[in-house]
Every structure is written in structure tokens, then in C-alpha cells.
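Visitor: Mind folding the following:
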Amino acid sequence: MTKYNQIKPKIILLLVIALKFLIGCQNSNIQAKNNQVFRYNEHKNINSLDPAFAKDNANIWAINQLFNGLVEMDDDMQVKPCIAKDWIISENGTLYTFNIRKDVFFHKHERFGNKKTRAVNAKDFEFSFNRLIDPEIASPGGWIFENVKTFKAVGNKFQIKLKHPFPAFLGLLTMKYCSVVPKEITLLYGEDFRKNPIGTGPFYFKKWHENNKLVFRKNNNYFEMDSNGIKLPYLESVAITFLPDKQSEYLEFIKGNLDFISGIDSSFKDDILDSNGKLNNKYRNQINILRKPYLNTEYLGFYLDSKEPEIQSKLLRKAFNMGFDRVKMMNYLRNNIGIPANGGFIPKGLDGFNSKIGFGYNPIHARDLVKKYKELSKNNKPSFTISTTSNYLNLCEFIQRELLDIGLEVKIEIMPGSALKSAKANGKVNLFRASWVADYPEAQNYLSLFYSKNFSPLGPNYTHFKNKKFDKIYESTFLEANDSIRNEMYKKLDKIIMDEAPIVVLFYDEVIRFVRNNITNLGSNAINLLNLKRVKKS
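Guide: Residues are numbered from 1 along each chain as shown. Got it, this is the predicted structure:
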């Protein structure tokens, strides 16, 4: 054998080893990148990535990764600086002056020119806010500016003048409606900005196959850093799928194909939780559970403009409220996730909550009220029909069985979510299941559902409740700067609501998040906002 032929096998061996090493490194890099993809499912679907249409959690969660506003809410529900580095409020509480940071840049786009980006300035907020109140845009967030007299850019400052003082105004500005958008890009795309978003957030838009998958990538030009001076975000990307039902979502989570799920559903609650709301033993090495009070009140609403005599009867509305056991309902149907609503409409955890004004379980008194109604009306078979979605069928069936014992017949009508939403807004259902999640952490937001000038479909007063005393006190809350006095006014308003019983408060919800144990810094908050800029995945 020649010397060359002796060396040849060694060279081949070295080449094979080198090739395996390169492939191994490449695979390791691919795996490392895959490990930095945060995956979640949105079963309610997403219909817009435009902040002007950030009207529900599905849209808000995605938009929060792409956009920023003047201020933001932290997990303790405190307003913090964001694109505004600080602000000054005038002594009379009507003029807000925000100083705009100079190091915040929009995501890259060809329309910006050679640098493919530009810094945000005060004029951008002037444009963005005008867009929200533009009737041609028809943003559902325009109501935020009902108390705003003017807003304008003054150099690199942004000023907002209110009609009268409103202490909760900063909280309103944390809503995703108030995110900054670039004029040149929104004008370029028009309505299609909903699927071509350009913002300033920790992630930028990459691709969207509607009803299938949505992908965001890390914004390497993001302005925020952690306490160690490391630029946020930590993740490389976010991948959102759109499985349409909670059970399929849950199965993907258990298989490890999703990093977290939010909320509890009857299809899987007993598999993952015990009766006390704690993780079942088989999942404790794989999953962490995050629980926090949720500023969300779940309720049934009576449409008071209905011609049905049962709806018009305060006796029956109160009997309905007293006739079922909320504690038992939460125990058996929710594995104790959530708080039985024995207080008013304002949820526990919010200033203004009063635990002494609600309806406890009192079947004896409830039967007496039903009996009195029958004697006065000569109607011996009073009945109600609850309109609900399939997700809440088990709760409604529980109420149905309980109320039968006090002499009330209850029927249940199942409707798709979109149909119920429309019917509720347009007075087409007499008794409907609904919920109200805080737009901002102030009790006034909940009480707005009972102000007579907010009648649906133009406002959130779906019950068409009207009370002159209520309206007078409600209007006065906007003028009261003292927090303690204002909170007492909120309690009086909530008591008026419960005395008149236009609603049946079911429970105050909890934010519950199931997270795989390789995820850290996800956090939780009382408005269930998803914030991924500090999340780490190992």
C-alpha cells in the first residue's frame, strides 16, 4: 500500500468527524433557537393587530407584544412610565404634560427610507389619538377621550387637557388603544394595517396565516433593559396557534407543544386540579400554577326594557339572586377557582368593594318572595330563559336545578358567542350571561354599566338600568379628587344596584395560568394582561 493510500482513510475519518461536529453545532443552534420560542394558543381567534381595535383579550394579548403607549400598568396595577419618561399633572388635575423619550424607534419598514426606521415623537401620539376618535376609523376605544378637551404635541412634549379632573385618567392611558402608531405606515396600509402592524414593542410582526398561525420575532432595537443592563426581550420569538376549543388547547399543553394556557374549562378541570384548586400530583413536576384575583365580574343581566312581567318584577329578581348556593357552585363546578359573589358588582380586590351588600343563599326567603309574586300577579308558573354560550352551560344548569326548589322554572338557550354579544347589545334577550373585565383598575369602570346615558348598543349598559339617584352620584364621582370619599361614593352606587337587582352576580373570577416549569418571569396581574418581554425559557 502506498503512503498516500495509508493517509487517505485517516483524512476521510477526520472529514467525517468534522462534518458530524458541524452538523451537531448546527443542530444545537437550531435547538437553542427553538428553545427561545414562546408558544401559546388563542382559541377565541384574533381579528386585528391594530391597537385601535384592541377590544378583547385575544387582540390585546397579541397587540401588547407589538406596541407601546405613553404609560403602562405593572403587575401590581401601578401606572409606570413607558414611552413617556415622566409627566407633570397641573394642580387643578386637568392638564397632563408628558416628556417623550428620544430612544424609542418604530419597527423596520421600507417606507421609513434609508434607515428603515425612525424615532417616535410627540406628533406621533397626536396622530394616534386623533385616529382613535376619527369616525371613519370607528375605533371602539374612542370613548377614552369623552373627558378630554384637547391634546397636542408641544415640541417633544405631549399635552392632554381634560374637561374636568379625573384621577383614574392615567389608568385609561395604559389601555392598548392608546398605543403609538406611525402615520406613514397606517396611511400606506389603511384598513390592512390590521395585518401589517408596525409598532415599537419588544417583538415585531413576522407572519400571519389567519386561523392557523401568527409569529412575532425579537425586536433587537427595543428600548427597555432589565436591572442588569441586558436588553429586553429575552425570547427570540412568539408563536400563536388558533385551535378553536379549550380541550384541544389543553391536550397540546399537556403534550408539551404549548408553554402556557390561561383559564379553566369543565373539559379538563378535574384532570389538572383537585377539588381545592391545587395541581393534581401527576403534574406537579411538569407544571406551575399561577393564581391571582381577576378584575372580572361574572354575572347574569336582566334586560329591564323587556315586556316580560317576570323580568319587571323586583320580587322575582331578588328571589333569583337568593335561590342558589354560590359557594357550592364554585366548589363543584369551578374547583374553587374564583370567589363566590356575595358582595356587589364591584369585584373583590378593587377599592369600592363591599362584601355586605350582596345576596347570600337564602332559599326560605326566596320562596316567600316567589309566593308573594304569585299572589300579586296571579301567575302560578313564573319562568325565565337564560341565554348563554356553551362554556357556561354547566353553571346555568346548576342554577336551573336550584331555582326549581324555590318555585322558579328556568329554561336555557345556548347561543354562539358572537350571536349572544349582538343580542345582548340590541336588547334581543331578556336574561343573559355576561362578564365585565376592568378596562382600567377603577370601580367607576364597573359602575358605568348602570349609567343611563350608557344604554346599549352605544354603551355598556346592557340591562338598561335607569335610576336618577344613581346617575347623580355617578356624575359626581368624576369631580371628586379625594380617593377615600370617591370610594365611599362607589359603595353607595353599588348598593343602589344590588337593591334594585338588575343583575345576578355569580362570582369574581381569578386569573389562573398553567405554565410549563421551564418558563420563568411570566407573572400574572389582575387584568390578565399577557406580557412576554421579561419571560425566559430554559
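Visitor: Please save the CA atoms from the lengthiest strand in the chain in CSV.
Guide: For the chain, the strand with the greatest residue count under DSSP state E is strand 287-302. The C-alpha trace of strand 287-302 is given here as CSV (Å, rounded to 0.1, in the frame of the first residue of the first chain):
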residue,chain,number,x,y,z
ILE,A,287,-46.3,22.4,35.5
ASN,A,288,-46.5,25.5,37.7
ILE,A,289,-49.8,27.2,38.5
LEU,A,290,-50.2,31.0,38.9
ARG,A,291,-53.3,32.4,40.6
LYS,A,292,-54.3,35.9,41.3
PRO,A,293,-57.6,37.9,41.8
TYR,A,294,-59.0,38.9,38.5
LEU,A,295,-60.8,42.2,38.0
ASN,A,296,-63.6,40.3,36.3
THR,A,297,-67.2,40.0,37.5
GLU,A,298,-69.3,37.2,36.0
TYR,A,299,-73.0,37.8,36.1
LEU,A,300,-76.5,37.4,34.6
GLY,A,301,-78.2,40.5,33.4
PHE,A,302,-82.0,41.2,33.3
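Visitor: Could you shift the numbering so residue one becomes 10, and keep it that way?
Guide: Sounds good: first residue 10 from here, last item strand 296-311.
Visitor: Which strands or helices does that strand pack on?
Guide: Other helices and strands packing on strand 296-311, by 3 or more Cβ pairs under 8 Å, 6 or more residues apart in numbering; DSSP states H and E, are strand 440-446, strand 512-525. Any C-beta I mention is one placed from the backbone N, CA and C, and that applies to glycine too.
Visitor: Pick the most buried one from the ones you listed.
Guide: strand 512-525 (a mean of 23; mean count of other Cβ atoms under 10 Å).
Visitor: angle of that one against strand 296-311?
Guide: 160 degrees (axes from the mean of the first three to the mean of the last three Cα atoms, to 10 degrees).
Visitor: If I take strand 512-525 and strand 440-446, what angle do their directions form?
Guide: Going by the same axes, to 10 degrees, strand 512-525 makes 50 degrees with strand 440-446.
Visitor: which stretches of the stretch 360-509 of the chain form helices?
Guide: Assigned by DSSP state H, counting those that start in this stretch, the stretch 360-509 of the chain shows helices spanning 372-386, 402-413, 426-434, 452-456, 477-486, 492-509.
Visitor: Can you tell me which of those is nearest to residue 192?
Guide: helix 452-456 (30.3 Å; Cβ to Cβ).
Visitor: Go ahead and name everything in contact with the closest one.
Guide: If you take Cβ atoms under 8 Å, 6 or more residues apart in numbering as the criterion, helix 452-456 is touched by 177, 306, 354-356, 359-362, 445, 447-448, 483, 486-487, 496, 499, 502-503, 506.
Visitor: How about the contacts made by the closest residue to residue 357 other than its chain neighbours?
Guide: Of all residues not flanking residue 357 in the chain, residue 517 sits nearest, at 4.9 Å (Cβ to Cβ, 6 or more residues apart in numbering). Shown in contact with residue 517 (Cβ under 8 Å, 6+ apart): 302-303, 305-307, 347-348, 350, 352, 356-358.
Visitor: where in this protein is pLDDT low?
Guide: 10-43 (pLDDT under 70).
Visitor: Can you read off the backbone torsions of the most centrally placed residue in it?
Guide: When Cα atoms, centre = their mean is applied to the chain, the residue found nearest the centroid is residue 66 (4.0 Å). Per-residue torsions, residue 66: phi -60, psi -40 (degrees, to the nearest 10).
Visitor: The longest strand of the chain - which strands sit beside it in the sheet, and in what orientation?
Guide: The strands beside strand 296-311 in its sheet (DSSP bridges) come out as strand 440-446 (antiparallel), strand 512-525 (antiparallel).
Visitor: Within its sheet, name the partner strands of the helix or strand that the last one is followed by and how each one runs.
Guide: In other words, strand 512-525. As assigned by DSSP states H and E, the chain's next helix or strand after strand 512-525 is strand 528-529. Note on strand 528-529: by DSSP bridges, its sheet partners are strand 545-546 (antiparallel).
Visitor: ok, and what's touching the partner strand?
Guide: So strand 545-546 is contacted by 44-47, 243-244, 268, 527-530 (Cβ under 8 Å, 6+ apart).
Visitor: Turn the buried ones among these into a named PyMOL selection, would you?
Guide: Selecting the buried subset of the contacts of strand 545-546 in PyMOL, with 16 or more other Cβ atoms under 10 Å as the burial test, is done by:
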select buried, resi 45+47+243+244+268+528
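Visitor: circling back to that earlier point, mark which of the contacts of helix 452-456 are buried, thanks.
Guide: Buried subset of the contacts of helix 452-456 (neighbour count, 16+ other Cβ under 10 Å): 177, 306, 354-356, 359, 361-362, 445, 447-448, 483, 486-487, 496, 499, 502-503, 506.
Visitor: can you list the domains in the protein?
Guide: Using automatic domain parsing, the domains assigned to the chain come out as 60-202, 302-519.
Visitor: Need these in CSV (columns: distance to residue 535).
Guide: As requested, those are exported to CSV (distance: least, Cβ to Cβ, whole Å):
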stretch, distance to residue 535
domain 60-202, 6
domain 302-519, 5
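Visitor: wait, is residue 52 part of a strand?
Guide: No. Assigned with DSSP: H, G, I helix; E, B strand; the rest coil, residue 52 falls outside any strand and is coil.
Visitor: That one contacts residue 253, doesn't it?
Guide: Yes. Between residue 52 and residue 253 there is a contact under Cβ atoms under 8 Å: 5.7 Å.
Visitor: I'd like to know which elements the helix or strand residue 49 falls within is packed against.
Guide: Here residue 49 sits within strand 46-50, counting by DSSP H and E. Applying 3+ Cβ pairs under 8 Å, 6+ apart, we find strand 46-50 packed against strand 246-250, helix 255-263, strand 269-271.
Visitor: Can you list the strands that the shortest one pairs with?
Guide: Spelled out, it's strand 269-271. strand 512-525 (antiparallel).
Visitor: For the partner strand, C-alpha coordinates in CSV please.
Guide: C-alpha atoms of strand 512-525 as CSV (Å, rounded to 0.1, in the frame of the first residue of the first chain):
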residue,chain,number,x,y,z
ILE,A,512,-78.3,41.6,37.7
VAL,A,513,-77.3,38.4,39.4
VAL,A,514,-73.6,38.5,40.3
LEU,A,515,-72.3,34.9,40.1
PHE,A,516,-68.6,35.1,41.0
TYR,A,517,-65.5,37.2,41.0
ASP,A,518,-63.0,35.5,38.8
GLU,A,519,-59.4,34.6,39.3
VAL,A,520,-56.6,34.8,36.8
ILE,A,521,-55.3,31.2,36.6
ARG,A,522,-52.3,30.3,34.4
PHE,A,523,-50.8,26.9,33.9
VAL,A,524,-47.1,27.3,32.9
ARG,A,525,-44.6,24.6,32.0
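Visitor: Give me the angle between that strand and strand 46-50.
Guide: Going by the same axes, to 10 degrees, strand 512-525 makes 150 degrees with strand 46-50.
Visitor: hey, where'd the helices end up in the stretch 60-209 of the chain?
Guide: 66-75, 131-141, 178-182, 192-198.
Visitor: Kindly reformat those helices as TSV containing distance to residue 104.
Guide: Output for the helices of the stretch 60-209 of the chain, formatted as TSV (distance: least, Cβ to Cβ, whole Å):
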stretch	distance to residue 104
helix 66-75	28
helix 131-141	15
helix 178-182	11
helix 192-198	25
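Visitor: circling back: minimum distance to residue 161: which of the helices and strands packed on strand 296-311 has it?
Guide: strand 440-446 (31.8 Å).
Visitor: Return the distance of stretch 148-157 from the chain's centre.
Guide: When distances are taken as Cα atoms, centre = their mean, to the nearest Å, stretch 148-157 is centred 18 Å away from the chain's centroid.
Visitor: List of residues touching that stretch?
Guide: Against stretch 148-157 from outside (Cβ under 8 Å, 6+ apart): 61-64, 138, 140-142, 160, 169-173, 175, 178, 181-182, 184, 186-187, 487.
Visitor: Going by neighbour count, which residues of that stretch are buried?
Guide: Buried-residue list, stretch 148-157, by 16+ other Cβ under 10 Å: 148, 150-154, 156-157.
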